[in-house]
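A.B. asks: sharing a model prediction with you, sequence too.
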Protein chains: 4
Amino acid sequence: MSEHRQPGGRPRDGRIDGAIAQATRELLAERGYAGLTVDAVAARAGVGKAAIYRRHATKQEMIFAATVHDMQEQPPPDSGSLRGDLAAITRTIASQLSTAPPDVLHGLLSDIHADTALGDRFTSTFLERERLVITEVLHRAVARGELAERPDTGVVHALLLGPIFYRLLILVDDGEPIGDFTAVVSETVTAALLSGTARP
Amino acid sequence: MSEHRQPGGRPRDGRIDGAIAQATRELLAERGYAGLTVDAVAARAGVGKAAIYRRHATKQEMIFAATVHDMQEQPPPDSGSLRGDLAAITRTIASQLSTAPPDVLHGLLSDIHADTALGDRFTSTFLERERLVITEVLHRAVARGELAERPDTGVVHALLLGPIFYRLLILVDDGEPIGDFTAVVSETVTAALLSGTARP
Amino acid sequence: MSEHRQPGGRPRDGRIDGAIAQATRELLAERGYAGLTVDAVAARAGVGKAAIYRRHATKQEMIFAATVHDMQEQPPPDSGSLRGDLAAITRTIASQLSTAPPDVLHGLLSDIHADTALGDRFTSTFLERERLVITEVLHRAVARGELAERPDTGVVHALLLGPIFYRLLILVDDGEPIGDFTAVVSETVTAALLSGTARP
Amino acid sequence: MSEHRQPGGRPRDGRIDGAIAQATRELLAERGYAGLTVDAVAARAGVGKAAIYRRHATKQEMIFAATVHDMQEQPPPDSGSLRGDLAAITRTIASQLSTAPPDVLHGLLSDIHADTALGDRFTSTFLERERLVITEVLHRAVARGELAERPDTGVVHALLLGPIFYRLLILVDDGEPIGDFTAVVSETVTAALLSGTARP
DNA sequence: CTATAATCGAGACGGTACGTCCAGTCTTCGG
DNA sequence: CCGAAGACTGGACGTACCGTCTCGATTATAG
């Protein structure tokens, strides 16, 4: 859904992309994922449906673009210790996951798993990037001498982010502040790694 | 959606409930969550749509009933140690989550979070039961003297089941056998609890 | 159900109106009034149901539009005598009523009397026009000097068209050719008017 | 739909027939022909649906029985003249047609023409009886010497009853009292017959 | 300065599914 | 067997929404 025109013809109006994204986010907040219709987005954005479909192949792509647009994970600055690096990662993920309501994230995940193309985009945009971040942090720990060998990235990935997802997307209405929880998670995984427990 | 019959009138045909549930499961497997239609379920089950809607208010309720029908978690038999109990829990959950394809579970979670009524049923049917299981296991560990005080159930809940969900529903296509992974998870959480790391 | 387009938007495809009307007429002929379904009309016309409901609020409106589309009665050319004018009217009505099978006309009348909006449209489209035709013909007769005063239009209306309706829609399967009968009717009414019998 | 029980088993409760008929008539008056449902009739009559279908093969038969149950035309007492006899017939028919609202009669006619079995019953119950009445009256007139030969019954039938139907079922909302109109009709037909106009 | 070409809002199009409503049948219980 | 109650199949209804297409009007670059 990009790279599409060389000269000739009227250029796309850049403001429209923003209007679509904003209308999408507003309507998701107002009516929920299931209640979102493309017609409503077009109306709210003051835009024709064709303008939307010229930019996004499906409704799901549109939502994807509008909600996760800039979630591009970067490895955290080296904090000097594995403990600090993992804590930074959990905090970042937790705050990103908190920006959208749970029903939107579930809807998105559902559509992602129903559509191969979107699934691949999701994997390469997020999961792959998360893997890289974790691999980098583990690499630092090995270089520092904190870890004797590099643990399996996939295991750490699930161990570290799984509880955050579960807490935010499944349990949802726990009263406790999420900050305390992320600290427990990173601390637990750090301890497991340092003690060699989390070795498959 | 239950207990609504006093005498008089033809009783519901119990076989129909089963036929609907089975047709739903078959079609979910064949066509995926998004491809499931109520008409197709009715046709496959050899049943009128009215019979379905007499039992389930919406398509989502029908799927919910058909897929999670008997997933009623029981506390595992006392294995004699916290380590053994937690390992049993992760194995059970992992095997239950593996029975349905990921797109079905995501679809269901999505619908659950889009519908308060369904969400409440989900919470009380599953999450609450999982909480009870975990609370019971932690209670045993305290009684045994393995733990000095009872940790927060919610934290352990997310710490234990989160990675399983993440691994099965988000990462999905990891080559490794899931059994090894569940062992790592339960081992990690056990270690954290015994060492007192997972205290909020 | 008309005059609703200012610029903007794709214009209605005029061919679709025709396709709907024709499919409706064909299916009425093939399956009868009771056997007509909107889905079948859409399928036969190669058209979506939405296109039908964009044009007609209900199935009945669709049938109404398809069957009585162009039945717009005009006063017959002045034949020079009341007798000739009335004969022309009965012939016209009889031939129009013969174009649709009786079950269609009864179904339509039934629906018309069940729905005020449709009833008003029917009245203004047909009955009013028939009244005008008859009034005009009676006016000519007065002008010619055939009649001393103008008889009540409603009485003549029922006296002239009632027998035709009854014969075609109620008795139905009389062997005699309808042409002979219309002649008798117009002759009878003419005689009654000229002799002053039909004066209330 | 009759003649069906010799000994054995519980006898039919005769009061039920009446309750069904009355509930049908009430609901027709309240909700119109199109709004009548069998369930509603059963509920109003305090009766099971089976009791209705044990007595009437279809909803239409039920309505037929409830509305036209006793409309059994008898030849009017000999008034001494064709004029008087025809006037009696039109008055009787007009008063019978006025007992049910027009939408009910149209609905019934529509269903009658959609269903051969009902159509035959209608024909033999009403049309045939009307024919007999008219034939008898014409016979009297011939015997009296008022008419030289017996006119075609079918023609007189349509000529006499057609205007009444048209006036009551099609035009409907004419302000004039129907009594005046029936007089005009019978007078017109009488004159036509006596003068020999209505000869095919 | 005109021609070409892609854009825009608006909204109609085919298709598909939803959830509702009845008709007519069947099944239970009790009388 | 009759009766009330109510579940059953089957199938149409009218609504909603998706993704596509068409219209007339705009707005750039290319010639």
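C.D. replies: Thanks, I have the structure now.
A.B. asks: what strand or helix carries the closest residue in space to A:His139 that isn't next to it in sequence?
C.D. replies: Distance criterion Cβ to Cβ, 6 or more residues apart in numbering or on different chains; nearest residue to A:His139, sequence neighbours excluded, is A:Arg150 at 6.6 Å. C-betas here are computed from N, CA, C, even on glycine. Using DSSP states H and E, A:Arg150 sits in no helix or strand.
A.B. asks: do the same with the one 5 residues further on
C.D. replies: Using DSSP H and E, A:Val155 sits in helix A:153-165.
A.B. asks: name the helices or strands packed onto that helix?
C.D. replies: On a contact count with 3 or more Cβ pairs under 8 Å, 6 or more residues apart in numbering or on different chains; DSSP states H and E, helix A:153-165 meets helix A:82-97, helix A:128-144, helix A:178-195, helix B:153-165, helix B:178-195.
A.B. asks: that helix: how far from the chain's middle?
C.D. replies: From the chain centre to the centre of helix A:153-165 is a distance of 14 Å (Cα atoms, centre = their mean, to the nearest Å).
A.B. asks: what residues does that helix touch?
C.D. replies: A:86, A:89-90, A:93-94, A:97, A:127, A:130-131, A:134-135, A:138, A:181-182, A:185-186, A:189, A:192-193, A:198, A:200, B:158-159, B:162-167, B:170-171, B:174, B:176, B:181, B:184-185, B:188 (Cβ atoms under 8 Å, 6 or more residues apart in numbering or on different chains).
A.B. asks: and what of stretch A:95-114?
C.D. replies: Contacts for stretch A:95-114 (Cβ under 8 Å, 6+ apart): A:28-29, A:32-34, A:60, A:63-64, A:67-68, A:71, A:118-119, A:122, A:164-165, A:168-169, A:172, A:178, B:32-34, B:102-103, B:106-107, B:109-110, B:112-114, B:169-170, B:172.
A.B. asks: can you check stretch A:11-22 too?
C.D. replies: Residues outside stretch A:11-22 that contact it (Cβ under 8 Å, 6+ apart): A:5, A:41, A:45-47, A:51-52, A:54-55, A:62, A:65-66, A:69.
A.B. asks: again with stretch A:74-87
C.D. replies: A:88-89, A:92, A:132-133, A:136-138, A:140-141, A:144, A:146-147, A:160, A:182-183, A:186-187, A:189-190, A:193-194.
A.B. asks: please indicate which of these are buried?
C.D. replies: Buried subset of the contacts of stretch A:74-87 (neighbour count, 16 or more other Cβ atoms under 10 Å in any protein chain shown): A:88-89, A:92, A:133, A:136-138, A:140-141, A:146-147, A:160, A:182, A:186-187, A:189-190, A:193.
A.B. asks: need the per-residue pLDDT for A:Asp85.
C.D. replies: With respect to pLDDT, A:Asp85 scores 98.
A.B. asks: and the gap between it and DNA strand E?
C.D. replies: With distances taken as Cβ to the nearest atom of the strand, to the nearest Å, A:Asp85 is found 43 Å from DNA strand E.
A.B. asks: where are the low-confidence patches of chain A?
C.D. replies: A:1-7, A:199-200 (pLDDT under 70).
A.B. asks: and it, which of its residues are near DNA strand F?
C.D. replies: Taking Cβ under 7 Å from any atom of the strand as the contact definition, chain A meets DNA strand F at A:7-11, A:36-39, A:49-50, A:53, A:57-60.
A.B. asks: can you list phi and psi of A:Ala101 for me?
C.D. replies: Just so we're on the same page, residue A:101 is Pro rather than Ala. phi -60, psi 150 (degrees, to the nearest 10).
A.B. asks: since we're on it, how many residues are nearby?
C.D. replies: Neighbourhood size, A:Pro101 [other Cβ atoms under 10 Å in any protein chain shown]: 16.
A.B. asks: against A:Leu108, how distant is it?
C.D. replies: As for A:Pro101, its distance to A:Leu108 is 11 Å (criterion: Cβ to Cβ, to the nearest Å).
A.B. asks: residues in contact with the residue in chain A that chain C sits nearest to?
C.D. replies: For chain A, the nearest residue to chain C under the criterion Cβ to the nearest Cβ is A:Gly48, separated by 9.7 Å. The contact partners of A:Gly48, taken as Cβ under 8 Å, 6+ apart, are A:Ala42.
A.B. asks: any idea how far stretch A:43-62 is from the middle of the chain?
C.D. replies: 22 Å.
A.B. asks: and that stretch, what's buried?
C.D. replies: For stretch A:43-62, using 16+ other Cβ under 10 Å, the buried residues are A:44-45, A:47, A:51-52, A:55-56, A:59-62.
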